[in-house]
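Enquirer: Sequence and predicted model, in that order:
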Protein chains: 2
Amino acid sequence: MIPPPHPTPTFSTQAAPAPTLDKLQGWLENLVAEIRPARREDPIAVRARLDQLTKPVGSLGALERLALRLALIYGDPPPPLRRRTVLVLAADHGVAARGVSAYPAEVTAQMCRNYAAGGAAINAIARAVSAEVVAVDVGVAADPSTLAVASRKVRWGTADLSAGPAMARLDALQAIRTGAALVDERAEQTDLFALGEMGIGSTTSAAALTAVLCCAPPEAVVGAGTGVDARTLDRKRSIVSAAVKRIAPGADPVSVLAELGGLEIAALVGVALAAARAQRAVVADGFITCAAVLVASRLAPAVLDYVIASHRSVEPGHTIQLRALGLDPLLDLELRLGEGTGAALAFPIVDAAGAVLREMATFAGAGVSGPEARP
Amino acid sequence: MIPPPHPTPTFSTQAAPAPTLDKLQGWLENLVAEIRPARREDPIAVRARLDQLTKPVGSLGALERLALRLALIYGDPPPPLRRRTVLVLAADHGVAARGVSAYPAEVTAQMCRNYAAGGAAINAIARAVSAEVVAVDVGVAADPSTLAVASRKVRWGTADLSAGPAMARLDALQAIRTGAALVDERAEQTDLFALGEMGIGSTTSAAALTAVLCCAPPEAVVGAGTGVDARTLDRKRSIVSAAVKRIAPGADPVSVLAELGGLEIAALVGVALAAARAQRAVVADGFITCAAVLVASRLAPAVLDYVIASHRSVEPGHTIQLRALGLDPLLDLELRLGEGTGAALAFPIVDAAGAVLREMATFAGAGVSGPEARP
């Protein structure tokens, strides 16, 4: 079950011949060009509307800022956001063979079966908040027929990023396209997407990407992940430090992604880009998903108009990411699980923010007095 | 509409003769005696169960601590908590005539009509999170027939706490009983209660109660409320400082409550106590509701086993209250509205915490490997 140490042949997502690098590159440029800033409304007009609703001005704090963002994405008032989908993308990391996780690599495949059976944390939480979980194998190092989830496998796990590039540029582009396709197939029936992931070894990839894309020292972005001991943490730090040094200054985002992995992160880049193109808000989860948002935002800065940060993870690098992205998380529950759990927990808050603009009465309409002038 | 400056005759909640002080005192002692610590389960056994579920140990952070608390209240696994009720208790404060709020006192009555019409923030948010709003006049200074909400009026607003006691001890006890009755009537059909309130001038009462019950300097607990200017804030501080000095050292919680008000706070004390007796979790909102929780916890410390802090308000005194109560809020959204809005936003998170214990598979059951031993 342990991923092979060197790249395996690329699996196409289709029966058709695999697209060429040029074709995929053109496809990505086209996707990026189609992403528009979220400006369905004039933000000043929406802010004025918020201030006419029966509540002290600004008294709903972050919920009002979120309501404003939803109005810019969906229009004012925003529609109910009840059709919620958590995309849990699973893939293996070759670097797991170096012992960077508290868990063995086969847990990635085992958890796919757990998602299919409905027994994981994201299944329980999604049911509680009325959301659908769509778990997809985008790069698990196991036979798809054994995983019980949809398979869009790009390849059987990444290569070990401590020994060389995690994947070829073609793989990274294929994975981005795979993620984008998952959104394109669902955008009509989905009001709100969440980014979720599973993959033993993923925080090592995410830390390396974050160090490069946030210009942060590796020791500041490497955390305990699922809960590693001090020796494992040291090994993780050394691996990330060494890998980051291979990135040339000014390298383009896709080449950074290919060098450092992982396949689920690349697919989540595609999810974020395609959700933004479809003008759907996309709720980020923790450290891994925000690494994907970082890559997506370097390709298309306007993607950030559509990204909502759900929570602040315990992983130290997550706060560095959030600051770099200019995103304020809604929850601070000391989560460090992934799977989209934090994003799903934020769904009802996102919907409630829209309900404020959609359903609240105005001072004038409800016959409620406004603030008094005082001598 | 401005509340009268001196106590008005007490309104009984029933057609029957008003109970005597002794009888109400006995009733409260009995209620307090019936509150049991939440210990339906052995916490060590629940913790062990949490650690067998398919997630890294402790990786759901505050959600796991909440799941443990729910198991102690409801049993392990906790049932779904879908029948959620926000009690929005409204009352007027005589001190509003001193100009301590940005809004005129008649807004309390106007907002009651807004709750009935479904146009307030709590109505919009409660619909988004599938909760019921029950707005009740427990002391609005207006004819109940004009308010469109249920009336359990104890009296027409409190007296001005800057001039003397906000209410008689009999009033405070009647209000506590009124709040308790609201829970008793609903406990069978409700899984989860939230504390909500409305009353112009309420943060002045809450600040005075907090200063006394948390031994905090008045300037540390007086905040901007609905958004007052610097001169109003100064006036509010002076009023709170002077009122607090009237409290004798060692005064009992009910006499502190009667001296400083308000009627909705007293009724919320009854809600918290009765919810704890009924073994229902009760979600606190912001500064006003936590003033009620402070009073309730001085009467019956075990009530805190049932109280869940939903959010951290912008009001500076709220953080002082939370520390004194030993409660960690789930949300930090810079809310300062009241009405139970923060509590309602936390409902789905509370339910999701229970779902973790109720629905997640174990490592053994799902065939997922646990952490590896490393050399």
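Expert: Happy to help now that I have it.
Enquirer: secondary structure class for residue A:136?
Expert: strand (DSSP: H, G, I helix; E, B strand; the rest coil).
Enquirer: Run a quick neighbour tally on it.
Expert: Here the number of neighbours of residue A:136 (other Cβ atoms under 10 Å in any protein chain shown) works out to 25. All C-beta spots, glycine's among them, are computed from the backbone N, C-alpha and C.
Enquirer: just checking, it touches residue A:89?
Expert: Yes. Counting by Cβ atoms under 8 Å, residue A:136 does reach residue A:89; the two are 5.4 Å apart.
Enquirer: got a list of what the residue minimising distance to the centre of chain A touches?
Expert: In chain A, the centroid-proximal residue (Cα atoms, centre = their mean) is residue A:289; its distance is 3.2 Å. Going by Cβ atoms under 8 Å, 6 or more residues apart in numbering or on different chains, residue A:289 touches A:195, A:196, A:197, A:268, A:338, A:340, A:343.
Enquirer: 7 Å instead?
Expert: Taking Cβ atoms under 7 Å, 6 or more residues apart in numbering or on different chains, we find residue A:289 in contact with A:195, A:197, A:268.
Enquirer: hang on, it in a helix?
Expert: Yes. Under three-state DSSP, residue A:289 sits within a helix.
Enquirer: doesn't residue A:190 make contact with residue A:85?
Expert: Yes. Using Cβ atoms under 7 Å, residue A:85 makes contact with residue A:190 at a distance of 4.8 Å.
Enquirer: More neighbours: which of these two?
Expert: Of the pair residue A:85 and residue A:190, residue A:85 is the one with more neighbours under other Cβ under 10 Å, namely 24 against 19.
Enquirer: Look up which residues are beta-bridged to the more buried one.
Expert: Taking DSSP bridges as the rule, residue A:85 bridges to residue A:132, residue A:193.
Enquirer: Next one, pLDDT for it please.
Expert: With respect to pLDDT, residue A:85 has a value of 98.
Enquirer: how close does it get to chain B?
Expert: 17 Å (Cβ to the nearest Cβ, to the nearest Å).
Enquirer: can you check residue A:266 too?
Expert: From residue A:266 across to chain B, the span is 24 Å (Cβ to the nearest Cβ).
Enquirer: got it, and residue A:322?
Expert: Per Cβ to the nearest Cβ, residue A:322 is found 14 Å from chain B.
Enquirer: What segments of the stretch 101-250 of chain A are helices?
Expert: A:107-117, A:121-128, A:169-186, A:202-213, A:218-221, A:230-245 (DSSP state H, counting those that start in this stretch).
Enquirer: Counting by contacts, list what the fourth one packs against.
Expert: With contacts defined as 3 or more Cβ pairs under 7 Å, 6 or more residues apart in numbering or on different chains; DSSP states H and E, the secondary structure elements packing on helix A:202-213 are helix A:218-221, helix A:230-245, helix A:253-260, helix A:263-277, helix A:287-299, helix A:316-325.
Enquirer: which one of these has the most crowded surroundings?
Expert: Mean neighbour count (mean count of other Cβ atoms under 10 Å in any protein chain shown) peaks for helix A:263-277 among the helices and strands packed on helix A:202-213, with a mean of 31.
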